[in-house]
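**Student:** task: produce atomic coordinates for the following.
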Amino acid sequence: MDVRIGVTYSAKELDIELPDDTEPAKLKADLESAIGGGSMVWITDRRGRQVGVPADKVAYVELGTPDGDRRIGFGA
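**Tutor:** Numbering: from 1, shown residues only. Below you'll find the predicted structure:
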């Protein structure tokens, strides 16, 4: 599962690859709880690294699965 987090006052997004066994409903509930409570949003990625974002700086969160159609660079 992939998570993309937009941060206020920043043009960059955080792209985080989560383990395949991540439960989307639980992740969504955890994010809503952290953002609603004004605390830090902590997510552990596929490699075990932890990423933290202050909840008041989260502009949006996009949950999804990795797409094979995402292309980078030049191509037909």
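
**Student:** now do the helices in the protein.
**Tutor:** Counting by DSSP state H, the chain has helices at residues 24-37.

**Student:** which parts of it are strands?
**Tutor:** Using DSSP state E, the strands of the chain run over residues 2-7, 13-17, 40-44, 50-54, 58-64.

**Student:** want to throw those strands into TSV with mean neighbour count and distance to Ala34?
**Tutor:** Where you see a C-beta, it was placed from the backbone N, CA and C, and this is true even at glycine. Listed next are the strands of the chain as TSV, based on neighbours: other C-beta atoms under 10 Å; distance: least, C-beta to C-beta, whole Å:
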stretch	mean neighbour count	distance to Ala34
strand 2-7	17	11
strand 13-17	14	14
strand 40-44	15	5
strand 50-54	13	9
strand 58-64	13	9
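
**Student:** of all those strands, which one is nearest Ala25?
**Tutor:** Checking the strands of the chain against Ala25 by C-beta to C-beta gives strand 58-64 as the closest, at 10.0 Å.

**Student:** so the closest one versus strand 50-54, what angle?
**Tutor:** 140 degrees (axes from the mean of the first three to the mean of the last three C-alpha atoms, to 10 degrees).
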